[in-house]
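Colleague: below: sequence and its predicted model.
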Amino acid sequence: MKNDIILAGVGGQGILSIAAAIGLAAVNNKLYIKQSEVHGMSQRGGDVQSHLRISDAPIASDLIPAGKADLIISVEPMEALRYLPWLSAEGWVVTNTVPFNNIPDYPQTEEILANVKKVKNHIAIDAEAIAKQAGSARAMNIVMLGAASLFLDIPFERIEEGIRQLFGKKGNDVVELNLKALRAGREFSEKNR
Amino acid sequence: MSKLLMLGDEAIAQGAIDGGLSGIYAYPGTPSTEIMEFVQVSKQAADLNIHRQWSANEKTAMESAIGMSYAGKRAMVCFKHVGLNVAADAFMNAAVTGVNGGLIVVSADDPSMHSSQNEQDSRFYAKFAMIPILEPANQQECYDMAYYGFELSEKLNVPVMLRITTRLAHSRADVLRKEIKKQNDIKLPSDPRQFVLLPAIARKNYKNLLLNQPSMEMESEKSAFNSYIQGTNTDMGIIATGIAYNYLMENYPDRKCPYPIVKVSQYPLPKKQITELYNTCKSIMVLEEGYPIVEEMIKGYLNVGKPIHGRLDGTLPRDGELNPNIVAKALGFTVTEGQPVPSIVKQRPPSLCQGCGHRDVYEDLNEALKEYGTGRVFADIGCYTLGALPPFNAINSCVDMGASITMAKGAADAGLVPAVAVIGDSTFTHSGMTGLLDAVVENSPITVIISDNSTTGMTGGQTSSAHGRIVEICKGLGVHPDHIKVMTPLKKFHEENVRIMKEELAYQGVSVLIPQRECIQTFARRKKEEKKESND
């Protein structure tokens, strides 16, 4: 089993919290993991990505080869498209539909979504709206994780466990809110895959 | 011991702590910053009372580490590759003094320049200084090498370089810890003149360093970090150094490469294994992250032996970091990419945060400079370097730490008056102070803007040695107090700030303007922590 995942977004959007949750779930499931991150200059509002590799066998490279990613999880729609050369023919794109517009020439949202829909396997989700329904817009990343969880070879209970571990210190309310966001994201993917 | 999920940087820190570290010295710089940061938050390091504060720059860090080694304790110094340029004087001479307590120099290279102004390869420095290099291929080796490096350093009586690159520094994987070693006791060098590099002593020490070279080579040949891996197809032999080994193996999913391989993670090159590979195979391919230093050595100036492939003959690109695809192409595999990036996808360069004080500084400065025209602003290394991009287009140089002040002085010497320097608070105490002294000595007509956000911002908000000291430092260096002006970079003070800038630009001597406002990122973090504390 192997899941090669590209996490994408804009510096400051917190894609690493998604990576941390999946990482915990993978470790709890006794899987091998390598996760490369971007630190430094790009974190100042530039495009950022993280390569997350999970496998039941030892992993060689910290970077995913082009055309081999099973999944792109993007918290920003234009950023989802930036990594298409890494996606395998049968791979899934799971992207948030809410743009993060911090550049002067940001394209029309409709154009971006039209391109997302051209990808054979895709989920386009308004993670912000769903997170708000779950109780807080800040749970947007966890909604994305829930939506993507359908395409991971990790039992859903392990991911729930990862959320409990990650947010445990912040109290039961925060844990419950994030579990709700996680389940709402997953439900969306189940209905729209 | 339990397995931990760690960044390469964190694994180095933990390995050093477990290996008997007494002090770590560093100046922040991507991709090395997280080594010191890990030690700073480690409870174990606090309990062991390990020294773990930032230094003013890489040179002072290196020298403090040499001092700790002199006292018999194990020390580590960390910086990014260009930081080694700053520390080079001390670094080169530390190879001649030798060590007392083990000394590891971590230099983190940034091929592809993700967050740097060049992609120099630190291995050249180690070769220049004639000391061993440890170059880990994975996070476990990061840990093991930091753990073992002190012992190697003490055994060979030289500092040991631990060289990593961005990818490994900032990638996480499982790490298994070892038994914790005790710190060394204080012990003076047995020869009291070992560290006195008077010519007569230096000549003796240097001869010892030369005599020591075969022992270093022998250590490499028997090192567990280097290995000769048999292969069935001898048409080619592969030398893979550090992280390049991973990219090689990624191309063989069953992890069985048909070609014989020498995996190199400890230098000097293991001559025995390299010679065997050369004699066994018809040609050699060299895979290395960084400059083609190994390839050049194997090839030699005349290139009269067997064919050697690598970055020099175009088998791999001459610049930039490696990845599995580049290595696949070099091996003759076809790379199947996914779909191309749609043309509507736009570049998203990094930019100054909304609400950042540097933004106001550039808006003020651009306005104040209107009457003089563009092309006279010398900037420095930090977040404010992003002032080069639209909408500001405000600066004309970024060369090395501290160069803003001295370049402005040189340009003013040439007649470009007024000349302006823009430098951050941390960069000012790193390397700007001595340049300001030059300007004061000659009363050069320059305007220095120390944009003070009270932190080392670009690397994530580390303590700045300048904090609360800038005005006094400038006075102490001899800047006239009438021309040291503190201001607040906020929209509501725009007109006042522009007026002050204009006055100082017109002054025919050294002025220092200090726009002071806390970094928006550290401010937000501080508020969050304060809120958390009041809730607890």
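Modeller: Nice, thanks for sending it over.
Colleague: is chain B contacted by the worst-scoring helix or strand of chain A on mean pLDDT?
Modeller: Scoring the helices and strands of chain A by mean pLDDT, DSSP states H and E places helix A:15-28 at the bottom, with a mean of 89. Yes: legend: contact between helix A:15-28 and chain B by CB under 8 Å from any CB of the partner chain is shown at A:Gly23, A:Val27. For every residue, glycine as well, the C-beta is placed using N, CA and C.
Colleague: show me what that helix is packed against.
Modeller: Under the contact criterion of 3 or more CB pairs under 8 Å, 6 or more residues apart in numbering or on different chains; DSSP states H and E, helix A:15-28 touches strand A:2-10, strand A:32-36, strand A:47-55, helix A:140-149, helix A:156-167.
Colleague: tell me which of these sits most buried.
Modeller: Among the helices and strands packed on helix A:15-28, ranked by average contacts under mean count of other CB atoms under 10 Å in any protein chain shown, first place goes to helix A:140-149 (a mean of 29).
Colleague: packing partners of that one?
Modeller: Counting by 3+ CB pairs under 8 Å, 6+ apart, helix A:140-149 packs on helix A:15-28, strand A:69-74, strand A:87-96, strand A:121-125, helix A:127-134, helix A:156-167, helix A:172-192.
Colleague: centroid-wise, who is the farthest residue in chain A?
Modeller: What lies farthest from the middle of chain A is A:Pro104; by CA atoms, centre = their mean that is 25.8 Å.
Colleague: let me know the pLDDT of A:Val119.
Modeller: On the pLDDT scale, A:Val119 is placed at 97.
Colleague: same question, the one 5 residues further on
Modeller: Predicted confidence (pLDDT) at A:Ala124: the value is 98.
Colleague: which residues touch it?
Modeller: Going by CB atoms under 8 Å, 6 or more residues apart in numbering or on different chains, A:Ala124 touches A:Pro77, A:Thr95, A:Thr97, A:Leu113, A:Val116, A:Lys117.
Colleague: ok, of these, which one's closest to chain B?
Modeller: Closest to chain B out of the contacts of A:Ala124 is A:Val116 (9.4 Å), distances taken as CB to the nearest CB.
Colleague: who touches B:Ser426 in this structure?
Modeller: Residues near B:Ser426 by CB under 8 Å, 6+ apart: B:Gly382, B:Thr455, B:Thr456, B:Gly457, B:Gln462, B:Ser464, B:Ser465, B:Ala466.
Colleague: name the SS class of it, please.
Modeller: B:Ser426 falls in the helix class when you classify it by DSSP: H, G, I helix; E, B strand; the rest coil.
Colleague: separation between the spatially most central residue of chain B and chain A?
Modeller: With distances taken as CA atoms, centre = their mean, the residue of chain B nearest its centroid is B:Lys80 (0.3 Å). B:Lys80 is 10 Å from chain A, where distance means CB to the nearest CB, to the nearest Å.
Colleague: can you tell me, leaving aside adjacent residues, what's nearest to that residue?
Modeller: B:Gly29 (3.3 Å; CB to CB, 6 or more residues apart in numbering or on different chains).
Colleague: quick check, pLDDT for the one you found.
Modeller: As predicted, B:Gly29 sits at a pLDDT of 97.
Colleague: next one: B:Met1
Modeller: Confidence score, pLDDT, at B:Met1: 53.
Colleague: and for B:Lys532?
Modeller: On the pLDDT scale, B:Lys532 gets 77.
Colleague: wasn't it part of a helix?
Modeller: Yes: under three-state DSSP, B:Lys532 falls within a helix.
Colleague: tell me how far it lies from chain A.
Modeller: B:Lys532 is 10 Å from chain A, by CB to the nearest CB.
Colleague: give the contact list for residue 182.
Modeller: Went with chain A since none was named. So A:Leu182 contacts A:Ile142, A:Val143, A:Leu145, A:Gly146, A:Ser149, A:Ile159, A:Glu160, A:Ile163 (CB under 8 Å, 6+ apart).
Colleague: actually it's chain B I care about, not the one you picked
Modeller: B:Gly20.
Colleague: sec struct for it, please.
Modeller: coil.
Colleague: now, which of the contacts of B:Ser426 sits nearest chain A?
Modeller: Nearest member of the contacts of B:Ser426 to chain A, counting by CB to the nearest CB, is B:Gly457, at 9.0 Å.
Colleague: that closest one: what's it in contact with?
Modeller: By CB under 8 Å, 6+ apart, the neighbours of B:Gly457 are B:Gly382, B:Cys383, B:Gly424, B:Ser426, B:Cys519, B:Gln521, B:Thr522.
Colleague: just these: which are in helices?
Modeller: Using DSSP state H, the members of the contacts of B:Gly457 that fall within helices are B:Ser426, B:Gln521, B:Thr522.
Colleague: does the second one touch B:Met458 like I think?
Modeller: Same thing as B:Gln521. No: in this structure B:Gln521 lies outside contact range of B:Met458 using CB atoms under 8 Å: 10.2 Å.
Colleague: show me what A:Ile125 is bridged to.
Modeller: A:Asn96 (DSSP bridges).
Colleague: and it, how far is that from A:Thr97?
Modeller: In this view, A:Ile125 and A:Thr97 are 6 Å apart by CB to CB, to the nearest Å.
Colleague: re the thing from before, so what's the residue nearest to the centre of chain B bridging to?
Modeller: B:Ala108.
Colleague: just B:Leu21 next, same as before
Modeller: Under the criterion used (DSSP bridges), B:Leu21 bridges to B:Arg74.
Colleague: same question for the one helix or strand A:Leu81 maps to, mean pLDDT?
Modeller: Taking DSSP states H and E as the definition, A:Leu81 sits inside helix A:77-82. For helix A:77-82, mean pLDDT rounds to 98.
Colleague: hmm, it touching chain B?
Modeller: Yes: using CB under 8 Å from any CB, helix A:77-82 reaches chain B at A:Met78, A:Glu79, A:Leu81, A:Arg82.
Colleague: in a markdown table: the helices and strands packed on helix A:15-28, plus distance to A:Leu63 and mean pLDDT.
Modeller: A markdown table is the format used below for the helices and strands packed on helix A:15-28 (distance: least, CB to CB, whole Å; pLDDT from 0 to 100):
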| stretch | distance to A:Leu63 | mean pLDDT |
| --- | --- | --- |
| strand A:2-10 | 10 | 96 |
| strand A:32-36 | 6 | 95 |
| strand A:47-55 | 5 | 95 |
| helix A:140-149 | 20 | 97 |
| helix A:156-167 | 24 | 93 |
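Colleague: the residue nearest to the centre of chain B against B:Thr30, yeah?
Modeller: Yes: at 6.3 Å, B:Lys80 and B:Thr30 qualify as touching, with contact defined as CB under 8 Å.
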